[in-house]
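In: take a look and give me a structure for this.
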Amino acid sequence: MVDAGFQQTVLLITATAPRRGLVERAARAKGMHANLFIAIHHDSVPDNLKHSWDYGGQKNEFNDDYPGYAIFISNENADPAGSLLFGSLLGRELERRSPHYTPHYTLALMGHRRRILVDSHAGVYRYDQLIVLRQTSMPAVLLEAGSIVNRQEELELGTPERRSLTSAAIVAAVENFCAARARPPGVKAAASGIAMM
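Out: Sure, this is the predicted structure:
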């Protein structure tokens, strides 16, 4: 992100237990007065949707039915409109580069993990309870960059090409977001916090 001309980018990685680490990341982003918070993850599916697979003498689990990215926002975020704006911009940039979002979060088979699709063109879902989305004081999204239990997509996610594609989409979305927020000419962003979890 710094290579793209942004003033400051901060990578937040915590070594604490999962829930405490999420709270800590949100607090650190607040403390640095970041303009945008992006959490980057890799997706899975509920255990009841996984199948067994023996490979190389080891038992693994997979689900090849739901490849694709998903973007989550929270209406409990301090700036839900900004979160939706950025999520929509990010999804459109990903779609322009070929990855498609996964629609499985809208299906009844997801049970309590079922989510409302708030932007059907960009793959943006509402997930109010996510700590890093609702406890941050700036627009925030969580990007599930793809499914690591999908055997083909897991291989693709590890390639430099896929990482480059995702990075380019994020940079373009941040640039578009800053332009939409009408920053003074020549200023792209004061800070953007990226959390990789």
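In: quick check: end-to-end length of stretch 41-48?
Out: 21 Å (Cα to Cα, to the nearest Å).
In: look up phi and psi at the residue lying closest to Ile131 once chain neighbours are set aside.
Out: Of all residues not flanking Ile131 in the chain, Leu22 sits nearest, at 4.1 Å (Cβ to Cβ, 6 or more residues apart in numbering). For the C-beta atoms, the positions are set from N, CA and C on the backbone; glycine is no exception. Main-chain torsions, Leu22, degrees, to the nearest 10: phi -70, psi -40.
In: need the contact list for Glu93.
Out: Counting by Cβ atoms under 8 Å, 6 or more residues apart in numbering, Glu93 touches Ala168, Ala169, Ile170, Ala172, Ala173, Asn176.
In: test my guess that the second one contacts Phe86.
Out: No. Between Ala169 and Phe86 there is no contact under Cβ atoms under 8 Å: 11.9 Å.
In: who's more crowded, the two?
Out: Ranked by neighbour count (other Cβ atoms under 10 Å), Ala169 and Phe86 place Phe86 first, with 28 against 23.
In: name the helix or strand for the more buried one, please.
Out: Using DSSP states H and E, Phe86 sits in helix 80-96.
In: most neighbours among the contacts of Glu93, which one is it?
Out: Of all the contacts of Glu93, Ala173 has the most neighbours under the rule other Cβ under 10 Å, reaching 26 neighbours.
In: just checking, that residue is part of a strand?
Out: No. Applying DSSP: H, G, I helix; E, B strand; the rest coil, one finds Ala173 to be helix, outside a strand.
In: and it, what pLDDT?
Out: Listed pLDDT for Ala173 reads 97.
In: ok, now which ones touch Asn75?
Out: So Asn75 contacts Arg126, Asp128 (Cβ under 8 Å, 6+ apart).
In: hey, what's Ser11 bridged with?
Out: Not Ser; residue 11 is Leu. Note on Leu11: beta-bridge partners Ile194, judged by DSSP bridges.
In: and Glu95, how many residues sit next to it?
Out: Neighbour count for Glu95, taken as other Cβ under 10 Å: 16.
In: likewise for the one 3 residues further on?
Out: Number of residues near Ser98 (other Cβ under 10 Å) recorded here: 8.
In: ok, it to Ala168 distance?
Out: In this view, Ser98 and Ala168 are 12 Å apart by Cβ to Cβ, to the nearest Å.
In: what ranges do the strands span in this protein?
Out: Secondary structure of the chain (DSSP state E): strands at 9-12, 37-43, 51-55, 58-62, 70-73, 116-119, 124-126, 140-147, 192-196.
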